[in-house]
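1. Here is my input, please return the structure:
(chains A and B)
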Amino acid sequence: MSTVTAPGRDTGAAPSVRDAPPRTRRARGERLRRTAIYAALSLGLGLVVTPFAWTLLSSFKPEHEIRQSPPTFLPAHPTLAGYREMLASLHLGTTFTNSVLVAAAQVSANLLLCSMAGYALAKLPFPGRRAVFGLVMAQMMVPGIVLVIPQFVVVTRLGLTDTLLGVVLPYLVWPLGVFLMRQFIAEIPDELLQAARIDGAGEFRIFFRIVLPLCRPALATLTLLSFLNAWNNFLWPAIVAQTQDRYTLPVALALFSNEETTHYGLLLAGAVVVITPIVVLFLCLQRFFIEGIASTGIK
Amino acid sequence: MRKSTAGLLAVVLALAGCGRGGGGTSGKAEDVSAGRIKGTVTVWAMGDEGQALGAFAKEFERANPGVEIKVTSMGMDVAHDKLVSAIAGNATPDVSMVGTTWMGELGKSGALDVTPNNLFDKSGFFPGAWDSTVYKGASYGVPWYVETRAFYYRSDLGVKPPTTWDETKQWARQVKAKGASMGVYQNYQVGSWQELLPLVWQAGGDITSGGKWTFDSPQVVTALKQWRSFYEDGTAPNKVDTGAFPNIFFKGQAAAYYSGPWMIHLMKKDGGPGFEKKFDLAPYAKGPAGNNTSLMGGGDLAVFKRTKNRDAAWRFVKWLTDPKVQVRWYQTKNDLPSTPAAWQDPAMASDKQVALFGEALKTAKAPPSTPNWEQVARVVEREMGRLALLKETPEQAAQAMQKGADQLGMGD
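-> The predicted model follows:
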């Protein structure tokens, strides 16, 4: 008995002799499988977490310790110099507010507009629907960098340079978001919508009352993705903002990366400040992701 | 980033070509009035300079009541893209700091105002610095601060710094014997072109001549040979991670490198206690042509044609390049003055290490101000990377550079 049981586990009372061997074998296989899975997951987790952990720990190191090679993990002489310098030289309040405003505007516009467009493209028959969808897909293939100058020319003609509106304007509807929502909404059974129509609901009512609540997992994904987009966007806000009062966090952080010298302590402290809201947002939305995976599993 | 810059550039050139009919590069300088100035001047400046300029400019505002200087400071990474899109969108500031290697490109765009003759005199600046502002015979800006390269070495090894190319080779062997396992660190990665140009000049050649690239000239081959010889001897490391420098110098693995004045401060700050006694600076060693010409870099100040306050903009530039103000700027930011007159000041002459750069600036040269220099520089870097790994001969590298540069042309 004890020979087939994995060590370290209390076998307890002996089970009935007849069905004991298969069950323990299965249990052992299961345990091995689990150990392997956990080992692989831990390895993956380690690989993913290490850079973040290093960033966090190193943000408390003095400059020469950060540059040390081979690099060290724990700060030998912990210091808040990076954070202090950042607070002193960045208008952190203004830039943080700008970043939050830009992200909030972009996320809410994307949630509303992408899902509306996605609904129309998935469920409303109209002439040229496929062509419109094709156009959306085509936009996903255009590298954003190519559009920077034309977009900037448009924004200047509208008189929106150096405004936060100019920063968010080109990103209010995101082709990938439209695609994501369209694919998700297409999975909603038509019968559900027909039933609502028979009950006399208009398209807006159907959209807000039936489609949107069913889309929660997709909306959670879109929230996170568009937030990341807005939060990390660097080139465009840097070009549109003409005074430092309009800088977002990444743009302000770039001030510390010089041609010849880089203030690593400060950059790392900044990186921690930039990453934290993303982690918090992800933790808040995590529930919906798991829900999303569960519901796709049932289908 | 590099790719994006090239893409942006292409679009801008296309836009500049069709959109701005009347603009172009006329190259005519207009005078600036000496009368009272007022109004706002917007200034773009990058990196550390941008951070410090706002407070520094207060003095100019006090001297000129009614003038407001609004400084926007920006990261170096984005500055080029920002300038290029601002030109395309006609949303340029009044004044901007411009990296010396971008002058050709921006001069060609037709967005920059020609330097007014009645305010600036070429002879007041280091010739190499002034040359960086010139595109097709006209100057489109004024040198603000300059930098040049010198030989940083570990003085605690007790080997006298070399004064000729051959001595440098021996020096590297000697320090290696004394425990500096890597010898002399030569940059063979991004920015390696900055190592090559001085050597070419010291060999008596140049990389352009009569409006053509001359990478296949014998002098360039001589320069590449000298540079490669350290890798052949095993007295220059070619397997260093990016970012390992300057630690390899602090640790004494590499006993020397070539860099600019900003490293003095960094060495003292990050080298650890007492490190300032362990290193020193020497001028470049003399090449076969008998000179030790170094590389001139730095920042220029340019005024945009669309400025609404031209007189005040140029007068602010004039103030920043006044020798007395430049000495104060040096004391604020450690940026080296672009005017030889400023170097007469005791504050400049008292620091021996800094004075050494002042001497080198007299003969230092700027890289070619062709609009596509940054692209050609990438070709040079690619070949130097291969050369450092001993994957090709100096002759092959020179040919490959010539071929790549010819394909890109002079960018006009």
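2. only C-alpha atoms for contact and neighbour calcs from this point on.
-> OK.
3. What ranges does the stretch 1-150 of chain A have for its helices?
-> Applying DSSP state H, counting those that start in this stretch to the stretch 1-150 of chain A gives helices spanning A:20-58, A:63-67, A:81-89, A:92-123, A:129-141, A:144-157.
4. who wins for proximity to chain B among these?
-> helix A:144-157 (4.4 Å; C-alpha to the nearest C-alpha).
5. Redo the helices of the stretch 1-150 of chain A as JSON lines? Include mean pLDDT, mean neighbour count and distance to B:Trp373.
-> Shown next, in JSON lines, are the helices of the stretch 1-150 of chain A (pLDDT from 0 to 100; neighbours: other C-alpha atoms under 10 Å in any protein chain shown; distance: least, C-alpha to C-alpha, whole Å):
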{"stretch": "helix A:20-58", "mean pLDDT": "87", "mean neighbour count": "13", "distance to B:Trp373": "36"}
{"stretch": "helix A:63-67", "mean pLDDT": "77", "mean neighbour count": "19", "distance to B:Trp373": "32"}
{"stretch": "helix A:81-89", "mean pLDDT": "81", "mean neighbour count": "16", "distance to B:Trp373": "34"}
{"stretch": "helix A:92-123", "mean pLDDT": "93", "mean neighbour count": "20", "distance to B:Trp373": "35"}
{"stretch": "helix A:129-141", "mean pLDDT": "92", "mean neighbour count": "13", "distance to B:Trp373": "31"}
{"stretch": "helix A:144-157", "mean pLDDT": "90", "mean neighbour count": "17", "distance to B:Trp373": "22"}
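6. Make a markdown table out of these and add distance to B:Ala398.
-> Formatted as a markdown table, these follow (distance: least, C-alpha to C-alpha, whole Å):
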| stretch | distance to B:Ala398 |
| --- | --- |
| helix A:20-58 | 41 |
| helix A:63-67 | 35 |
| helix A:81-89 | 45 |
| helix A:92-123 | 48 |
| helix A:129-141 | 39 |
| helix A:144-157 | 33 |
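7. mind checking how far B:Phe249 is from B:Leu389?
-> In this view, B:Phe249 and B:Leu389 are 21 Å apart by C-alpha to C-alpha, to the nearest Å.
8. swap in B:Ser369?
-> In this view, B:Ser369 and B:Leu389 are 30 Å apart by C-alpha to C-alpha.
9. residue ranges for the helices of the stretch 51-200 of chain B, please.
-> With DSSP H, counting those that start in this stretch as the criterion, the stretch 51-200 of chain B has helices at B:58-63, B:76-88, B:103-109, B:127-131, B:165-177, B:193-202.
10. could you give the mean pLDDT of the second one?
-> To tie it back to what came earlier, the one meant is helix B:76-88. Rounded to a whole number, the mean pLDDT of helix B:76-88 is 89.
11. That helix: how far from the chain's middle?
-> Centre-to-centre, helix B:76-88 and its host chain are 18 Å apart (C-alpha atoms, centre = their mean, to the nearest Å).
12. ok, that helix near chain A or not?
-> Yes - using C-alpha under 8 Å from any C-alpha of the partner chain, we find that helix B:76-88 touches chain A at B:76-78, B:81-82, B:85-86, B:88.
13. which secondary structure elements does that helix contact?
-> Counting contacts by 3 or more C-alpha pairs under 8 Å, 6 or more residues apart in numbering or on different chains; DSSP states H and E, helix B:76-88 packs against helix A:144-157, helix A:235-240, helix B:2-19.
14. and B:Pro198, how many residues sit next to it?
-> When neighbours are counted by other C-alpha atoms under 10 Å in any protein chain shown, B:Pro198 registers 27.
15. Name the nearest residue to it, ignoring sequence neighbours.
-> B:Ser294 (5.0 Å; C-alpha to C-alpha, 6 or more residues apart in numbering or on different chains).
16. residues in chain B within reach of chain A, list them.
-> Selection of chain B residues close to chain A by C-alpha under 8 Å from any C-alpha yields B:4, B:7-8, B:11-12, B:46-48, B:71-78, B:81-82, B:85-86, B:88-91, B:243-244, B:247, B:262, B:270-272.
17. can you rerun that using 6 Å?
-> B:47, B:72, B:74-76, B:82, B:85, B:89, B:270 (C-alpha under 6 Å from any C-alpha of the partner chain).
18. Go through these and say which is closest to B:Gly66.
-> B:Thr72 (19.4 Å; C-alpha to C-alpha).
19. tell me the secondary structure for B:Phe245?
-> coil (DSSP: H, G, I helix; E, B strand; the rest coil).
20. Quick one: neighbours of it, just the number.
-> 16.
21. coming back round to it: which members of the residues of helix B:76-88 next to chain A are classed as buried?
-> Among the residues of helix B:76-88 next to chain A, those scoring as buried are B:76-78, B:81-82, B:85-86, B:88 (criterion: 16 or more other C-alpha atoms under 10 Å in any protein chain shown).
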